[in-house]
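Q: All I have is the shape, not the residue letters:
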């Protein structure tokens, strides 16, 4: 579709049940900004940004690949991302989709772009932690963060295909999702890649990249992403991966989180996976300075202090056992529900 631009609105596109064109959406945008709720104002601002004369939009990154920063996203690249998602998930004009994510972030913006470009019938609801609580409609496609999924288990069968992003899906939640007939995918991506560039069924271990994406591993063992439609330069991440083949990779953990304890490198995410289901409270493992080891491994648990039996950690490897257990009243998170490890320890 060489002539497809951000001015195009697919003939099948609907917003909350109404066929609307670009002019209609701009009028709605003005109305949302002037009189709407907080989530509607963000949608209104997006519509006015999307249909203006510029060929890019500006937004702040979530800090996945470093400190949060202002980036320009080319609208044509966002269109290509929408087409790749439609291709990967088999989305068709007239499919019914649900937007329950805040539009301030890239995931919410891209649900709007996909709907405009692919011709989806989009319902927009308040982005609460329980998006399906009062909604019994059937949808072909939806996107949620893990907390929304956790709070929507009784109604997930109302969505045929669901993508989860924004924060890591823990093993406990994945176990609960395995029996569902709904096609449920974890996604991998960030603002810099214009939302996801890879996805995997929750029952699978390896992510599969979307069309027109290439991947490799750098000398640190971290994922490097090439998406010609988005950037001429490679997008270098801090995510440690195993490359299965040219189209698939397994996420191991963040290189920023790696603990060097007495010369042994420990990946917290792998230790946390072993502990999942054995500790009821939320938790994470991290490293803190130590005069002997350089860094020592500690286990940080959310909630009131309690004791563990002496052999509780015997199933872990010698170097994986925590040297100390710290209890924190409440973990800190960003607006997407992503755990802020360092801030939670302060």
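A: Sure thing, it's come through. From a predicted model like this one, the values you see are computed outputs, not experimental measurements.
Q: which residue ranges form the strands in the stretch 151-300 of the chain?
A: 159-164, 183-190, 195-201, 207-209, 214-217, 222-226, 235-245, 248-254, 259-261, 264-266, 283-290, 294-302 (DSSP state E, counting those that start in this stretch).
Q: what's in contact with the second one?
A: What that stands for is strand 183-190. If you take C-beta atoms under 8 Å, 6 or more residues apart in numbering as the criterion, strand 183-190 is touched by 61-62, 64-65, 89, 106, 149, 156, 160-165, 169, 177, 195-202, 207, 237, 251. Quick note: C-beta positions are derived from backbone N, CA and C, even for glycine.
Q: Quick one, which of the residues you listed are buried?
A: Among these, those classed as buried by 16 or more other C-beta atoms under 10 Å are 61-62, 64-65, 89, 106, 149, 156, 160-165, 169, 177, 195-200, 202, 207, 237, 251.
Q: I'd like the strands of the stretch 151-300 of the chain laid out as CSV, including distance to residue 133 and mean pLDDT.
A: Listed next are these as CSV, based on distance: least, C-beta to C-beta, whole Å; pLDDT from 0 to 100:
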stretch, distance to residue 133, mean pLDDT
strand 159-164, 14, 96
strand 183-190, 19, 94
strand 195-201, 25, 93
strand 207-209, 31, 96
strand 214-217, 38, 96
strand 222-226, 36, 96
strand 235-245, 34, 94
strand 248-254, 31, 94
strand 259-261, 40, 91
strand 264-266, 40, 91
strand 283-290, 28, 91
strand 294-302, 25, 93
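Q: Kindly reformat the ones you listed as TSV containing distance to residue 314.
A: Rendered in TSV, the data for the strands of the stretch 151-300 of the chain read as follows (distance: least, C-beta to C-beta, whole Å):
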stretch	distance to residue 314
strand 159-164	33
strand 183-190	31
strand 195-201	32
strand 207-209	32
strand 214-217	34
strand 222-226	32
strand 235-245	27
strand 248-254	23
strand 259-261	19
strand 264-266	17
strand 283-290	16
strand 294-302	14
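Q: To residue 82, which of the ones you listed lies closest?
A: Across those, residue 82 has its closest neighbour in strand 195-201 (9.1 Å, C-beta to C-beta).
Q: elements contacting the closest one?
A: For strand 195-201, the packing partners by 3 or more C-beta pairs under 8 Å, 6 or more residues apart in numbering; DSSP states H and E come out as helix 75-89, helix 106-118, strand 183-190, strand 207-209.
Q: again, only using 10 Å
A: helix 75-89, helix 106-118, strand 159-164, strand 183-190, strand 207-209, strand 214-217, strand 222-226, strand 248-254 (3 or more C-beta pairs under 10 Å, 6 or more residues apart in numbering; DSSP states H and E).
Q: Just want the angle from it to helix 75-89.
A: Taking axes from the mean of the first three to the mean of the last three C-alpha atoms, to 10 degrees, one finds that strand 195-201 is oriented at 10 degrees with respect to helix 75-89.
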